[in-house]
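Enquirer: Here is my input; please provide its structure:
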Amino acid sequence: MPMNLRPSRPSEPSGSEPSVNTFQVDLRGLVDLLSHHLYSSPRVYVRELLQNAVDAVTARLAHDPAAPTGIRLTATGDAVVMEDTGIGLTSEEVHTLLATIGRSSKRDALDSARQEFLGQFGIGLLACFVVARQIRVVSRSARKPEEPPVEWLASDDGSYTVRTLPHDARPEPGTTVRLEPRPGAEEWTDPRRVAELARDFGSLLPHEVTFTGPDATDRPLTERPAVWDRAYPTPTARRVALAGHCARVFGFTPLDSIDLDLPVAGVRGVAYVLPSATSPASRAAHRVYLKGMLLTDRADNLLPDWAFFVRVVLDTDTLRPTASRENLYDDETLAAVRDALGVRIRAWLAELAAGDPDRLAAFLTVHHLGVKSMARHDAELFSLMLPWLPFETSDGRVTLDEFVRAHPQVHFTRTVEEFRQVSPIAAAHGLGIVNGGYTYDADLIALLPQVREGVTVSELDAGAVTAHLDPVEPQQELALAGFLATARARLDALGCDVAVRAFQPVTVPALYLDDREARHERDRAAAEEGADSLWSDILGALRGSAPRSRLVLNHNNPLVRRIAAISDAELAGTAVESLYGQALLMAQRPLRPADTSLLNRAFLGLLEWATHPTTTPARGTQEGDK
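Expert: I've put the predicted structure just below:
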């Protein structure tokens, strides 16, 4: 009795009545589609065999709660055989269900118990053709036990036969499926590979599954209950068992484990905390079972993005699989479960903070980045974590909770380079600065006033730093008036002011300071210089009253005092340009063409003066402009 392989020719219409036709299916083309485009690997055929057997047993239990529940998988190398004591099929059902793609006994019968079934798409045994040359099904119905068993024999060329067998061919209800491998598929039907795949897919199935290999030894494949649901004599014994499970499944020993128990959502499992830091951008690989059957070990849409520091194993009976049953369908139910799992992980952090600070500190040492990411959107969690989250500050690496007790007025930098330039000076003068240049830190610092009363936060600017540095004596500043006028004139074209302060450490001769507005103005001016007339006019119209950058000379530094005492204005100006270039490099600011030209000119000018000390270095010489 052949399956239809090609489209049928439409019958001639009668009068104005349209002809009615049915779609036909090319089995070989459909198998190719399944193996190359729907399923990620031929390995899924083992899952399909297990799924059909478990669903058949589930259906029989709904019909007869006292029925046996045995499932046996056998692999000899020449064939793979799945045998169950399930509901079975009648001859009519074999014709209707096994040979009609898209039909399912689970859809058409026992619909009230449908939520207990694993299969949802009616593909059934068709997937087995990705490795099988021939499929033989012998089945006897438990609903009509008086009927004889029936055999369905199908080949990968699209043909099948159905015949009834003597009663003794299968005395009890149930189904036996036998696959003969196609040439080239021996890899997937090797007994050791079959046992490995069956254990991987079916270790949590609700019915016991036994595997028999060529040595005729029976081995159980199921391990119920799941490791997270078992009873243990002590909490320590449970932690050890979970750690061993994590090592087997994911290949690492977890830093800790988090129970994931959401009865309302039909989810039960465990999250394992990674023992080493990982990138937030790395794709997670969570392991998800659907009603005890492994759905995927690469689920990447199960948790919120911020929870990248855990790997999850869970079993669910509510989430929907995709058509290939190899991932989760991203719908409203999954979104709700994802949020609930995030809440559970957050609650675990709160529990550690309240009752186990040592474990929390160990966790944050590795995964503070993930907690910071989470705390950006959760002020309550941020407040809870303040005593534990480390930040780089002018007082050293401390928590913000400690820092704000000493510095209610918090300044922060946007870049690591800016922080490293000013932090030694700020620490010496009592100015509290936090490095906001690391991932998420600036966002969290901005949240401080929401969780700590009396705390103010502002981005560091040149004026704030200068105001905290010690002013020089009025008579000394008056004596420096001529030198400062020369210095300001030299740096005016670069958009930089000059000030003199006394600060520590003495070894720093000059400090280059700017803020975000000043940097924007520098970038705008640089773009204006290189633009055509149209864009130059547009950029010129954007010129505002942004604060200028500032070169702060350290009057405590002996070199600065000697430069200030130079009577030759040209030489003093060249020395100031050198101090400007050195401070700019120390601040790790990008050099504009004008800055590079200044550095070259100052360097060559000082060399000229050093080799001809009686000759004043000339500005704007050909060598100096190189």
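Enquirer: Low-confidence regions, the stretch 251-400 of the chain specifically.
Expert: Within the stretch 251-400 of the chain, the stretches falling below the threshold (pLDDT under 70) are 323-325.
Enquirer: Which stretches in it count as strands?
Expert: Remark: strands assigned in the stretch 251-400 of the chain by DSSP state E, counting those that start in this stretch are 256-262, 267-273, 286-290, 293-299, 310-316, 390-393, 396-399.
Enquirer: out of these, which comes closest to residue 51?
Expert: strand 293-299 (6.1 Å; CB to CB). Backbone N, C-alpha and C define where each C-beta goes, glycine included.
Enquirer: Please point out which parts of that closest one sit buried.
Expert: By 16 or more other CB atoms under 10 Å, the buried positions in strand 293-299 come out as 293, 294, 295, 296, 299.
Enquirer: phi, psi of residue 151?
Expert: Dihedral pair for residue 151: phi -110, psi 130, per degrees, to the nearest 10.
Enquirer: that older thread, would TSV of the strands of the stretch 251-400 of the chain with distance to residue 341 be doable?
Expert: Shown next, in TSV, are the strands of the stretch 251-400 of the chain (distance: least, CB to CB, whole Å):
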stretch	distance to residue 341
strand 256-262	6
strand 267-273	8
strand 286-290	10
strand 293-299	12
strand 310-316	7
strand 390-393	27
strand 396-399	28
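Enquirer: right, and the ones you listed - which one's nearest residue 448?
Expert: Comparing those against residue 448 with CB to CB, the closest turns out to be strand 390-393 (10.6 Å).
Enquirer: packing partners for the closest one?
Expert: strand 396-399, helix 400-406, strand 433-435 (3 or more CB pairs under 8 Å, 6 or more residues apart in numbering; DSSP states H and E).
Enquirer: Only alpha carbons, please: show the longest helix seen in the chain as PDB.
Expert: For the chain, the longest helix by residue count, based on DSSP state H, is helix 332-355. The C-alpha trace of helix 332-355 is given here as PDB (Å, rounded to 0.1, in the frame of the first residue of the first chain):
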ATOM      1  CA  GLU A 332       4.500  35.200  27.200                       C
ATOM      2  CA  THR A 333       4.700  32.100  29.400                       C
ATOM      3  CA  LEU A 334       8.500  31.800  28.900                       C
ATOM      4  CA  ALA A 335       8.800  35.600  29.600                       C
ATOM      5  CA  ALA A 336       6.900  35.100  32.900                       C
ATOM      6  CA  VAL A 337       9.100  32.100  33.900                       C
ATOM      7  CA  ARG A 338      12.200  34.100  33.000                       C
ATOM      8  CA  ASP A 339      11.200  36.900  35.300                       C
ATOM      9  CA  ALA A 340      10.300  34.500  38.100                       C
ATOM     10  CA  LEU A 341      13.700  32.700  37.800                       C
ATOM     11  CA  GLY A 342      15.400  36.100  37.900                       C
ATOM     12  CA  VAL A 343      13.500  36.900  41.100                       C
ATOM     13  CA  ARG A 344      14.600  33.600  42.600                       C
ATOM     14  CA  ILE A 345      18.300  34.300  41.900                       C
ATOM     15  CA  ARG A 346      17.900  37.800  43.300                       C
ATOM     16  CA  ALA A 347      16.300  36.400  46.500                       C
ATOM     17  CA  TRP A 348      19.300  34.000  46.800                       C
ATOM     18  CA  LEU A 349      21.600  37.000  46.800                       C
ATOM     19  CA  ALA A 350      19.500  38.700  49.500                       C
ATOM     20  CA  GLU A 351      19.600  35.500  51.600                       C
ATOM     21  CA  LEU A 352      23.400  35.400  51.400                       C
ATOM     22  CA  ALA A 353      23.700  39.100  52.400                       C
ATOM     23  CA  ALA A 354      21.500  38.500  55.400                       C
ATOM     24  CA  GLY A 355      22.800  35.100  56.600                       C
END
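Enquirer: Fine by me, we can end here.
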